[in-house]
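In: build the 3D model from these lines:
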Amino acid sequence: MDRLTVLVELDLVFARQASHPDASGVEQALCARAASRLRDVLGLSTEVRAVPAGSLPRSEGKAVRVVDRRHVYA
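Out: This next block holds a predicted model:
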């Protein structure tokens, strides 16, 4: 079965609060909420992972947002 992984950056407001002791719980809750919304809207099960702000490459020109890592043999 195919699997969709979505990487999200935390916004600056949340990143400033990341030093809070319960920040990992909030991060997990946000990822779970995003995965739930994607499932509701798109009908797809996803794994949503938070990454540090600024770690995802910015688009330069035409955006390439999907990386297909399936091994499909014809």
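In: which helices and strands sit right next to the longest helix anywhere in the chain?
Out: Counting by DSSP state H, the longest helix found in the chain is helix 23-42. The contact analysis (3 or more CB pairs under 8 Å, 6 or more residues apart in numbering; DSSP states H and E) places helix 23-42 against strand 4-9, helix 12-17, strand 46-51. (C-beta placed from N, C-alpha, C; glycine too.)
In: how far out from the middle of the chain is that helix?
Out: Remark: helix 23-42 is offset 9 Å from the chain centroid, using CA atoms, centre = their mean, to the nearest Å.
In: give me the angle between it and strand 4-9.
Out: 130 degrees (axes from the mean of the first three to the mean of the last three CA atoms, to 10 degrees).
In: give the buried residues for helix 23-42.
Out: Using 16 or more other CB atoms under 10 Å as the test for burial, helix 23-42 gives 27, 30-31, 34-35, 38.
In: reformat these as CSV; add pLDDT and distance to residue 72.
Out: Formatted as CSV, the buried residues of helix 23-42 follow (pLDDT from 0 to 100; distance: CB to CB, whole Å):
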residue, pLDDT, distance to residue 72
27, 81, 33
30, 84, 32
31, 88, 28
34, 89, 27
35, 93, 25
38, 89, 23
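In: closest to residue 55 among the residues you listed?
Out: residue 27 (14.0 Å; CB to CB).
In: these two touch, right, the closest one and residue 10?
Out: Yes. At 7.1 Å, residue 27 counts as touching residue 10 under the criterion of CB atoms under 8 Å.
In: pLDDT weak spots in this protein?
Out: Along the chain, segments meeting pLDDT under 70 span 1-2, 12-24, 61-65, 73-74.
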